[in-house]
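Asks: sequence and predicted model, in that order:
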Amino acid sequence: MTELLWQTVLIVFIYFFIFFIVAQVVKNNSIVDMGWGAGFVIIALATLFLEGEFTARNLIVTLLVTIWGVRLTYHIVRRNWGKPEDFRYAKWREEWGALVIPRAFFQVFMFQGLMMLIIGYPIVLVNAYPAPGLTALDIIGLIIWITGFYFESVGDRQLADFLKNPANKGKVIQSGLWKYTRHPNYFGEATMWWGIFIIALSAPLGFTGIISPLLITGLLLFVSGVPMLEKQMMQNPAYREYAERTSKFFPLPPKQKYGKIKR
């Protein structure tokens, strides 16, 4: 287990170092987002083949991570390809000034690498301790993962279709999954990692993998996901009105507004 962990650390470091070099050449640090999903696929495949044992649980987790990572990478690359640096990274570039290169290395690329290692820890657990057969926990984890994948993939597709329609310019999507949560894609991503963690519970010390879903849920809810996006979106009055009746994260029925009863 220890050797496999250190091998994973080295793989992730090299992976993000390559992204860092490319980002400095094209002067666009936001390309790091394109590597997020694919990085987990590399972790899953590398740890599977380095360990060299192929059981149902190992193969299922590797397949789930690969499906998620490939879809997310395709979605982000298609959305961002050819576009200027994302506003968040552009703002940091301006704030960091002459220190933009070293700060980007540590605060963007190496930081994302660290987050990837922690979030991907349950994958390493599963592949480090291969065991035959499946348990009830595996089935429960799989069902939770499928639920999360549905919210993320369908939510992304609904938003993309909404934005493609010129008639929706300046409007806020309020249909489909977006009727029940303002961030179905973020909810879906967090849910998938809870599913992977539950599958990892079948491994020795599997309970330590809870750091993964706790971290990704915390990041999405309080740091880099919801807060950064909503800070921008709340400038739109239509979004503020939408936010008043729609759950921020967990899918819930929209709140009903009642007017005064006329007598």
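Replies: Yep, it's here. Residues are numbered from 1 along each chain as shown.

Asks: mind giving me the packing neighbours of the lengthiest helix in the chain?
Replies: What stands out as the longest helix in the chain, according to DSSP state H, is helix 136-164. Secondary-structure packing of helix 136-164 (3 or more Cβ pairs under 8 Å, 6 or more residues apart in numbering; DSSP states H and E): helix 56-80, helix 184-200. Where you see a C-beta, it was placed from the backbone N, CA and C, and this is true even at glycine.

Asks: now do that helix, average pLDDT.
Replies: Averaged across helix 136-164, the pLDDT comes to 96.

Asks: what angle sits between it and helix 184-200?
Replies: Angle, helix 136-164 to helix 184-200, by axes from the mean of the first three to the mean of the last three Cα atoms, to 10 degrees: 160 degrees.

Asks: how about helix 136-164: buried residues?
Replies: 137-138, 141-142, 144-145, 147-149, 151-153, 155-156, 158-159, 162 (16 or more other Cβ atoms under 10 Å).

Asks: so what's the gap between stretch 33-52 and the chain middle?
Replies: Going by Cα atoms, centre = their mean, to the nearest Å, the spacing between the C-alpha centre of stretch 33-52 and its chain's C-alpha centre is 14 Å.

Asks: that stretch - what's its average pLDDT?
Replies: Stretch 33-52 carries an average pLDDT of 95.

Asks: list the buried ones in that stretch?
Replies: Within stretch 33-52, the residues that count as buried by 16+ other Cβ under 10 Å are 33-48, 51.

Asks: circling back: could I get the helices and strands packed on helix 136-164 as JSON lines with mean pLDDT, mean neighbour count and distance to residue 100?
Replies: Output for the helices and strands packed on helix 136-164, formatted as JSON lines (pLDDT from 0 to 100; neighbours: other Cβ atoms under 10 Å; distance: least, Cβ to Cβ, whole Å):
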{"stretch": "helix 56-80", "mean pLDDT": "94", "mean neighbour count": "18", "distance to residue 100": "20"}
{"stretch": "helix 184-200", "mean pLDDT": "97", "mean neighbour count": "25", "distance to residue 100": "28"}
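
Asks: can you redo those as TSV with distance to residue 236?
Replies: Putting these into TSV (distance: least, Cβ to Cβ, whole Å) gives the following:
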stretch	distance to residue 236
helix 56-80	20
helix 184-200	19
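
Asks: of all these, which one comes closest to residue 101?
Replies: Residue 101 lies closest, by Cβ to Cβ, to one member of these: helix 56-80, at 21.2 Å.

Asks: contact partners of the closest one?
Replies: With contacts defined as Cβ atoms under 8 Å, 6 or more residues apart in numbering, helix 56-80 is touched by 30-31, 33-41, 43-45, 48, 51, 86, 122-123, 126-127, 130-134, 138, 142, 145, 149, 152-153, 156, 160, 192, 195-196, 199-200, 202.

Asks: might you report the residue contacts of the closest residue to residue 147 other than its chain neighbours?
Replies: Leaving aside its chain neighbours, residue 147 sits nearest to residue 191 (5.8 Å; criterion: Cβ to Cβ, 6 or more residues apart in numbering). Residues near residue 191 by Cβ under 8 Å, 6+ apart: 144, 145, 147, 148, 151.

Asks: could those go into JSON lines alongside distance to residue 187?
Replies: Below are those laid out as JSON lines (distance: Cβ to Cβ, whole Å):
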{"residue": "144", "distance to residue 187": "12"}
{"residue": "145", "distance to residue 187": "13"}
{"residue": "147", "distance to residue 187": "10"}
{"residue": "148", "distance to residue 187": "8"}
{"residue": "151", "distance to residue 187": "5"}
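
Asks: for those residues, which one is nearest residue 11?
Replies: The closest of these, once distances to residue 11 are taken by Cβ to Cβ, is residue 145, at 23.3 Å.

Asks: any idea how far that closest one lies from residue 120?
Replies: Applying Cβ to Cβ, to the nearest Å, the value for residue 145 to residue 120 is 15 Å.

Asks: and for residue 56?
Replies: Distance of residue 56 to residue 120, computed by Cβ to Cβ: 20 Å.

Asks: how much space separates the most centrally placed residue in the chain from residue 21?
Replies: Most central in the chain under Cα atoms, centre = their mean is residue 189, positioned 4.9 Å from the mean C-alpha point. According to Cβ to Cβ, residue 189 stands 27 Å off from residue 21.
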